[in-house]
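Peer 1: coords please:
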Amino acid sequence: MQQIGFDVGGTFTDLVVSDAEHRIRTLKVLSTPDDFSRGILAGIQTMVGAKVLEPKAIERMVHAFTVATNALLTRTGARVGLITTKGFRDVLEIGRLRMPQLYDMDWTKPVPLVRRSLRLEVTERLSATGEVVTPLDEAEVEAAVDALVAAGVESIAVCLLHSYIDPRHEVRVVEIARRRAPGLTVSASHEVLPEIREFERTSTTVVNAFVKPVVSDYLGRLEVGLDAAGIAAPLMIMQSAGGVMKSGTARRLPAYCIESGPAAGAVGAASLGQLLGLPNIIAFDMGGTTAKACLIENGEPRLTAELEVGAALNAGQRLLSGGGYVVRAPAIDLAEIGAGGGSLAWIDAGGALRVGPRSASAVPGPVCYGLGGEVPTVTDANVTLGFLNRGHLLDGAMPIDSGAAEAAILKRIGEPLGLEAHAAAWGIHTVANATMVRAVQAVTSELGRSPADFTMIAFGGSGPVHAASLALDAGIGHIVVPPASGVFSAFGLLFTRIEHRLVRTCAMDADRVDPARMESLSADLGREADELMRAEGVDPDDSEKAHQLDLRYRGQSSEIATDLAMPLSAASIAAAVEAFHREHERTYGYFSPGETVQLVNLRLRVRSRKGSTAQVDAGSVMPALPPEREGRAGSRRVYFGDRWGWQEAPVVRRPGLAPTIGPLIIEEYDTTIVVPPGAEVRLDSTGSLRIDLSSLL
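Peer 2: Coordinates of the predicted model:
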């Protein structure tokens, strides 16, 4: 039996197949931005043709995609209408009055995903405790739905006041909308986010409505293609929080898959860390379009309850926020920067060198790919510096034109700045690293952690190229480069388990807890979790549950999620409060034991006990296609900046690597690992590369 994971990125689509003997076969193909499913299906056909994939033998299929994120970034989602409580039409536009750049006079707020003329109000009102204050006017609902249909909307979001406490009015609005407009998709806040805070709930529901038709159409095309390829296994979709769910659930709740691809890499890094006895990790993933950093503590990726999508730094709960669209859905806490191998280098109006966030993507791609690109990218810089092979990538499957890369850098960057090509290329490399250091600091320093206390696990097509220089800039002494590192996010998909995260608001003071209400909320969550797992084909007895409380000091506007031991009791709540004080001090530098602590939300994670049987073993990892050029020992000139200048660096392959001191270039099918002068590198028992930079810090 086989299982397959495929991860779609902005430049490459990665596929990984594992069989019953734990053999791993990998493939990278260029993504197809006009329809990402085409690249996946082409990759599958290539693997079938290479006889490493048997469609009828596939029993598990897991997919991570960027379709929802791309729709938000490019504003190419559905035309959305919003139905809300009278008086709350402008909640979406008012937002939270935050600005990511306080003194930037040119900054403008993101344009709401629903224009004001399509935000319609209806008469109804519930109290904060769920009593009906004003009955729902169903005639107004019918008129609102008809008006939205006449305006040409494709998707409707429904968000009524206090529906997180009692959804009765919202349920009725949904029934009316589906009866009068059966061809439209409908997203209701009590299904998407039954949680307090009107703006966050509205924003998340609108985002879900905005991407829902796009995601549904995409998954529909993909499933048709997979069926035509003879694959009968159910399609599972990676969630932002690190678990997977059936594609049908993803179609209904695509807001929970916004960070689908990056989350897969974090799950894989956590699994590898457990195998290596490394519980505290910074997962660093650099692909063709973006770079991501994630903090893993005690073997678990750190989670956030909220994302902002579309800001320069796409991350949860950062020091600067307000620049993107708020998605209040559980997600692995990733800091994502527009700095990847395809990020474009340019000179701003002040004459300063900039890198990203715009990307060459798969089309036209970096200049060195020879596919029509004219603007130099980070990949072009790395080819010019000698970090990447100047003749080919992917074991010869992708020719590289190093002369074109160097000429583009010299023309567009070097000559305007008065620099030689290699110095301009080093500038591009350095600026990209400086941008990525922000991502590392966002998940460490801004959370009261020191990067020096963590090991970096570097992966992605460009991650191992930049890992050493980035780690030196960030003060990180040790790096692990896993097997199949260039397709590691797709590899991480094989380690996922079916999972759902649920929430109920329980606003009350910790010293005045209502036991009956807490028990009732806990029971409701448990029943919903069991129903969800049955729908996923998992017996509730084969799942495990973990609870958390969102806690804050009275008057604060944000919470810290704290583990809650079960069964629920005064003692377990008191223990959670103590843990909250400790984490508050660690994150913010102080705690106030005399302050009243408030319970805001009760959370439940339910996860299947059984996961994948995939294993990390470099000896079993091979490209799906035989190399067009066999890797041979050799050397090439590499530029390591002012510190070391030009060096003659040996070029080797990973298998059989003896402990070595850099400089060293390790070339693989899916990535290249750069080891700077003086760094120590060795191969461990799993086939992972260990790079020790401590002597260079």
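
Peer 1: so what does whichever strand or helix holds V158 touch, helix or strand wise?
Peer 2: Taking DSSP states H and E as the definition, V158 sits inside strand 155-159. Judged by 3 or more C-beta pairs under 8 Å, 6 or more residues apart in numbering; DSSP states H and E, the packing partners of strand 155-159 are strand 80-85, helix 168-180, strand 185-188, helix 189-192, helix 198-228. Every C-beta, even on glycine, is put in place using the N, C-alpha and C of the backbone.

Peer 1: Let me know which of those is tucked in deepest.
Peer 2: A comparison of the helices and strands packed on strand 155-159 by mean neighbour count, using mean count of other C-beta atoms under 10 Å, puts strand 80-85 on top with a mean of 28.

Peer 1: quick one, that strand and helix 198-228 angle?
Peer 2: Between strand 80-85 and helix 198-228, the angle comes out at 140 degrees (axes from the mean of the first three to the mean of the last three C-alpha atoms, to 10 degrees).

Peer 1: ok, strand 80-85: who's next to it in the sheet?
Peer 2: strand 119-122 (parallel), strand 155-159 (parallel) (DSSP bridges).

Peer 1: on that earlier part again, now what about the strand holding V158, what contacts it?
Peer 2: 78-84, 114, 145, 148, 170, 173-174, 177, 181, 184-189, 198, 201-202, 205-206, 208-210, 212-213 (C-beta atoms under 8 Å, 6 or more residues apart in numbering).

Peer 1: And it, how far out from the chain middle?
Peer 2: 25 Å (C-alpha atoms, centre = their mean, to the nearest Å).

Peer 1: Please apply the same query to stretch 644-657.
Peer 2: 32 Å.

Peer 1: do stretch 678-685 as well
Peer 2: Relative to the mean C-alpha coordinate of its chain, stretch 678-685 is positioned 29 Å out (C-alpha atoms, centre = their mean).

Peer 1: for stretch 560-576, same thing?
Peer 2: Here the centre of stretch 560-576 is set off from its chain's centre by 29 Å, with C-alpha atoms, centre = their mean.

Peer 1: go on, stretch 689-697?
Peer 2: The answer for stretch 689-697 is 28 Å, by C-alpha atoms, centre = their mean.

Peer 1: Show me which positions of it end up buried.
Peer 2: Under the neighbour-count criterion of 16 or more other C-beta atoms under 10 Å, stretch 689-697 has L689, R690, I691, D692, L693, L696 buried.

Peer 1: Pick out the most distant pair among those residues.
Peer 2: The most widely separated members of the buried residues of stretch 689-697 are L689 and L696, with 16.5 Å between them, by C-beta to C-beta.

Peer 1: List the buried residues for stretch 151-163?
Peer 2: Neighbour count says stretch 151-163 has V153, E154, S155, I156, A157, V158, C159, L160, L161, H162, S163 buried, by 16+ other C-beta under 10 Å.

Peer 1: Quick one: mean pLDDT for that stretch?
Peer 2: Stretch 151-163 comes out with an average pLDDT of 97.

Peer 1: repeat for stretch 253-264
Peer 2: Mean predicted lDDT for stretch 253-264 stands at 88.

Peer 1: what's the answer for stretch 406-413, then?
Peer 2: 96.
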